[in-house]
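Asks: Build the 3D model from these lines:
(chains A and B)
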There are 2 protein chains.
Amino acid sequence: MERIFNFSAGPAILPAEVLQQARDEMLDWHGSGMSVMEMSHRGKEFMSIAAKVEADLRELAGIPDNYKVLFLSGGASSQFAMVPMNLLRGKKSADYVNTGEWSKKAIKEAKKYCAVNIAASSEDANFSYAPAQDKWVLDPAAAYVHYTPNETIGGVEFNWVPDLNSMVPLVADMSSSILSRPLDVTRFGLIYAGAQKNMGPAGLTIVIVREDLLGATMSGTPTMFDYKIHADNDSMYNTPPTYAMYIMGLVLEWLKRNGGLAVMEKVNIAKTGLLYDLFDTTDFYHCPVARSDRSRMNVPFTLKDAALDGAFLQQAQARGLIQLKGHRSVGGMRASIYNAMPIEGVAALLQFMREFASDHA
Amino acid sequence: MERIFNFSAGPAILPAEVLQQARDEMLDWHGSGMSVMEMSHRGKEFMSIAAKVEADLRELAGIPDNYKVLFLSGGASSQFAMVPMNLLRGKKSADYVNTGEWSKKAIKEAKKYCAVNIAASSEDANFSYAPAQDKWVLDPAAAYVHYTPNETIGGVEFNWVPDLNSMVPLVADMSSSILSRPLDVTRFGLIYAGAQKNMGPAGLTIVIVREDLLGATMSGTPTMFDYKIHADNDSMYNTPPTYAMYIMGLVLEWLKRNGGLAVMEKVNIAKTGLLYDLFDTTDFYHCPVARSDRSRMNVPFTLKDAALDGAFLQQAQARGLIQLKGHRSVGGMRASIYNAMPIEGVAALLQFMREFASDHA
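Replies: Residues are numbered from 1 along each chain as shown, chains lettered A, B, ... in the order given. Now for the predicted structure:
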C-alpha cells in the first residue's frame, strides 16, 4: 500500500523525509556502528544529538538564554501536576482559563495542589470560542495564569497571546500548536508540549521555562517532577527518551530546511483555510467554532446528517484519508492538520468532501 | 563502518534482527501506509501492537492473571517515588535492602514519603556482595520490602529470590536483569524495570503489580503516578510511548524465536562465564564482586594498573568494542552483556583482553 494521509490528532503524521532518514540510519548512525536507540545517553554520539536538538529548537522558536529547555517524559498529563508543584512557590492559588477538554484536565489536577480560580470560561457556549481578554477576571494573588492556546479536541485556538501586564507568569499547554507559527517566548513564564503532535513521536515532552521560576518546588514533589533537577542536569538526571529526541531533531532540521516557523504559519493558514472556506460555502458541513478562534491545527466539523458519519469515514478511508473521526467526547469529525501534513493531503480531503456532499445532497 | 559490539549499560545493544525489521517497517507498518510512530494510540493498528506486546510479555515471564502489566514512562527513577506513594497504603514505613547506587537512589526518594528501615546493607564491603537473607532485619510494620536484584553499576546480582514468608509484598527494581532468566512473578508484589537495558529503547518502563495492591494511593499523588489510573485504562490514560512499545514487542518476538527465558539464562551464564573464568586465571584483571553474587548482566572489573585504563579503552574501541568504561561513580571498566549481546561479542572482548594483558604483562 502507498503512504496514506493521516489526520490523527496525535500521535500524528511525520514528514516522510524524516522517516526515510530514520530508516536509513537505523542500524548505523553516522558511521558509529550503532542505532541511536542503542547509544548510551552519556556517550559522545548521543550528547551531540541532544545538543543539536536543543540548539535547533532554540533557534527555531527564538528561545532566550534565560529560559531552560527540558526534554522530559510523562506527557502533558504529567505537566498538569508539575506546573502547580513547581510554580506555586508558596502561593495558594492559580488562575486557569477553561476552554475545553484539555483545560479541564489541567484544572482538575491543579485542584489537588491549590485553589483554582477560573479566570475565564467558554463553557457557556460548549467551548466553541476563546474568551476575550477583557472578560478574564484574574486573581491578584494567583501564582500563575494557565491557558491552552489550542484545544486539540474542540479545535479552538487563541490567535493572540494574553497580555497579563503584570509579574504573574503565563503558562501555556502548547501540545498541539507549538512550532506551528512564530512564538514570542518572552511573553511566557513556562511553555509545555507533548512532542507527539507537531514535533515527533510520543514519549517526549518539552518544557521551556524562565529560569528564575525554578527552585521553589513544593514539599513532597517526586524528584522526577522537579524542573530544577532536570534543568541542573541538562535533562540527563535519568535516561531521557533518546530515540524520540533524535526523531524530534530530524523534524527540527526538516523545519529549518523548509523555512522555519514563519513559513509554517503561512502554509498552515493556507491548508486549514481550504477546509474553513468549504464550510462557509455549504451547509452540508458545519464547524462549531467561532470564526475568529478556529484552530490552524485541528479542524472539527459535523455532517448535516449524523447518520452519514459511518459512510463518510469508510469512503474516506478507502481513499487513504484516515483518522478523521472526532474525539469520542464530542463526536463528529476532526481533521488534524499539523506541519507535516502536505497540502496535497488537504486537497485530497477537500476533493473527497466536495464529492461526498454532492453525492448526498 | 560495520556494526560494533556495544557493551553500554543502557541504553544498550538491541538484536540486529529487531533493528532490521524496524528499518523495513519504518514507513509502512504491515501495509497500513503509516509508520508506527504516526499511529494514533487508540487506532486499531496500534491497539493490536499493544495487545501483542502485553500477551508476549505475559507468556515469556509467566505473569498470572491477578497481576496487571503497565506500560509507563518516566523510568525507574519515577518508580522510586511511585512505589511508596502507591504501596504504603496508610502504613508509615518500608524495608529497603541497600546494595549499591540504585538501591541508594530508591532509598533516598522513599524517605520523602515514609520511614525507611535498612533491612540489610553491603555498604560494609563497598557494595561487593548480596546480603544473605538470614542477615536481613525486617520491620514487622513495613508496608513492603524493596530490593535491587541486579545492581547495574556494582555488578552484584541476587541469584536467589528472598522468601519473606509473610504477607508483606516484595518489590524489585529489575531494570537491568528482567528477562535474563526465568521469573516466578508470584514471589513478588511489584516488579518494575526501565526498558532500555534488556527490553527495548529508553522512555518505556514496565510495571508488573499484583492487583490487590492497587487503589490506596497517597493523597497528593499526581494522577500520572497512580498505578490504578494506568491499570484501569490499560496504560492508555494518556498517550503511552508507542514506538518504544513497538520495539519492545519486536524484542519479545526475538526472545520467543530464540527459546525464551530458560535459553537466555543458559546463554547468559555462558557469556559472562567467559569473562569470570578469565578473572580467575589472571591477576591482570580483577572483579571486585563476591563470586556467588556476580552479575550475569553487568561485569565490572579493574586493570592491575589503572594507568593502563586509557590505553585499554582506546585499543578496545579500535576493535569495535565500545562503552567499556565503568560508571563515573566507581571507575574501572564494566562490560554490560545483555540478552542481545551475541556470544561473538564476548569472545572478541575476551580475545582482546587476553592480548592486552599479555602485551602489558
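Asks: And the strands in the stretch 101-250 of chain A?
Replies: Taking DSSP state E, counting those that start in this stretch, the strands of the stretch 101-250 of chain A run over residues A:115-121, A:145-147, A:150-151, A:156-157, A:170-173, A:190-194, A:205-210.
Asks: and those strands, which is most packed in?
Replies: Counting by mean count of other C-beta atoms under 10 Å in any protein chain shown, strand A:150-151 has the highest mean neighbour count of the strands of the stretch 101-250 of chain A, with a mean of 28. Just so you know, the C-beta spots here come from the backbone N, C-alpha and C atoms, and that holds for glycine as well.
Asks: Name the surrounding residues that touch that one.
Replies: A:99-103, A:127, A:156-158, A:174-177, A:180, A:295-298 (C-beta atoms under 8 Å, 6 or more residues apart in numbering or on different chains).
Asks: give me that answer again for 7 Å
Replies: By C-beta atoms under 7 Å, 6 or more residues apart in numbering or on different chains, the residues outside strand A:150-151 that reach it are A:99-103, A:127, A:157, A:176-177, A:295, A:297.
Asks: Could you list the residues of the stretch 101-250 of chain A in contact with chain B?
Replies: A:109, A:112, A:194, A:196, A:201-203, A:220, A:222-225, A:238-244, A:247 (C-beta under 7 Å from any C-beta of the partner chain).
Asks: if you set the cut-off to 10 Å instead, what comes out?
Replies: A:105, A:108-109, A:112-113, A:175, A:194-197, A:200-205, A:218-225, A:229, A:237-245, A:247 (C-beta under 10 Å from any C-beta of the partner chain).
Asks: Pull out the buried members of these.
Replies: A:105, A:109, A:112-113, A:175, A:194-197, A:200-205, A:218, A:220-225, A:229, A:237-245, A:247 (16 or more other C-beta atoms under 10 Å in any protein chain shown).
Asks: ok, and the closest non-adjacent residue to A:Ser329?
Replies: Excluding its sequence neighbours, the residue lying closest to A:Ser329 (C-beta to C-beta, 6 or more residues apart in numbering or on different chains) is A:Glu101, at 6.0 Å.
Asks: Number of residues surrounding that neighbour?
Replies: For A:Glu101, the neighbour count with other C-beta atoms under 10 Å in any protein chain shown is 16.
Asks: Now do the contacts for it.
Replies: For A:Glu101, the contact set (C-beta atoms under 10 Å, 6 or more residues apart in numbering or on different chains) comprises A:127, A:148, A:151-154, A:327, A:329-330.
Asks: element containing A:Ala347, please.
Replies: helix A:343-359 (DSSP states H and E).
Asks: Give the buried residues for stretch A:121-130.
Replies: A:121-122, A:127-130.
Asks: what is the rounded mean pLDDT of that stretch?
Replies: Mean pLDDT, computed over stretch A:121-130, is 97.
Asks: Same check on stretch A:150-168?
Replies: Rounded mean pLDDT across stretch A:150-168 is 92.
Asks: Can you give me the domain assignment for chain A?
Replies: Residue ranges for the domains of chain A, per automatic domain parsing: A:17-257, A:260-359.
Asks: which ones among the buried ones among the residues of the stretch 101-250 of chain A next to chain B are found in helices?
Replies: Counted as lying in helices by DSSP state H, out of those, are A:105, A:109, A:229, A:242-245, A:247.
Asks: Contacts only, for the residue lying closest to A:Lys52 once chain neighbours are set aside.
Replies: Excluding its sequence neighbours, the residue lying closest to A:Lys52 (C-beta to C-beta, 6+ apart) is A:Gly249, at 5.8 Å. Listed by C-beta under 10 Å, 6+ apart, the contact set of A:Gly249 reads A:18, A:36, A:49-57, A:199-200.
Asks: Kindly report the same for A:Phe5.
Replies: A:13, A:316, A:319-324, A:335, A:337, A:341-342, A:344-349, A:352, B:33.
Asks: pLDDT value on it, please?
Replies: For A:Phe5, pLDDT reads 96.
Asks: Please apply the same query to the one 5 residues further on.
Replies: The per-residue pLDDT reported for A:Gly10 equals 94.
Asks: what do you get for A:Glu2?
Replies: pLDDT, A:Glu2: 69.
Asks: Which neighbouring elements make contact with the lengthiest helix in chain A?
Replies: For chain A, the helix reaching the highest residue count under DSSP H is reported as helix A:260-281. In terms of contacts (3 or more C-beta pairs under 10 Å, 6 or more residues apart in numbering or on different chains; DSSP states H and E), helix A:260-281 is packed against helix A:44-61, helix A:242-257, strand A:285-286, strand A:298-303, strand A:333-336, helix A:343-359.
Asks: Can you add distance to A:Val209 and give those back as JSON lines?
Replies: JSON lines is the format used below for these (distance: least, C-beta to C-beta, whole Å):
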{"stretch": "helix A:44-61", "distance to A:Val209": "13"}
{"stretch": "helix A:242-257", "distance to A:Val209": "18"}
{"stretch": "strand A:285-286", "distance to A:Val209": "40"}
{"stretch": "strand A:298-303", "distance to A:Val209": "25"}
{"stretch": "strand A:333-336", "distance to A:Val209": "27"}
{"stretch": "helix A:343-359", "distance to A:Val209": "34"}
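Asks: how about these in CSV, adding distance to B:Lys256 and mean pLDDT?
Replies: Shown next, in CSV, are these (distance: least, C-beta to C-beta, whole Å; pLDDT from 0 to 100):
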stretch, distance to B:Lys256, mean pLDDT
helix A:44-61, 30, 98
helix A:242-257, 23, 98
strand A:285-286, 48, 96
strand A:298-303, 40, 97
strand A:333-336, 36, 98
helix A:343-359, 38, 97
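Asks: Ok, which of the ones you listed comes nearest B:Ala357?
Replies: helix A:44-61 (27.2 Å; C-beta to C-beta).
Asks: Flag every buried residue along that closest one.
Replies: Across helix A:44-61, burial judged by 16+ other C-beta under 10 Å covers A:45-46, A:49-50, A:53-54, A:56-58, A:60-61.
Asks: who are the neighbours in contact with the closest residue to A:Leu214 other than its chain neighbours?
Replies: Using C-beta to C-beta, 6+ apart and skipping the chain neighbours, the partner closest in space to A:Leu214 is A:Lys228 (4.4 Å). The contact partners of A:Lys228, taken as C-beta under 10 Å, 6+ apart, are A:68, A:70, A:86, A:209, A:211, A:213-217.
Asks: if you set the cut-off to 7 Å instead, what comes out?
Replies: Contacts of A:Lys228 by C-beta under 7 Å, 6+ apart are A:214-215, A:217.
Asks: Then A:His327?
Replies: A:153, A:334 are the contacts of A:His327 under C-beta under 7 Å, 6+ apart.
Asks: State the phi and psi torsions of it.
Replies: Here is the backbone geometry of A:His327 (degrees, to the nearest 10): phi -60, psi 140.
Asks: Against A:Arg291, how distant is it?
Replies: Taking C-beta to C-beta, to the nearest Å as the criterion, A:His327 is separated from A:Arg291 by 21 Å.
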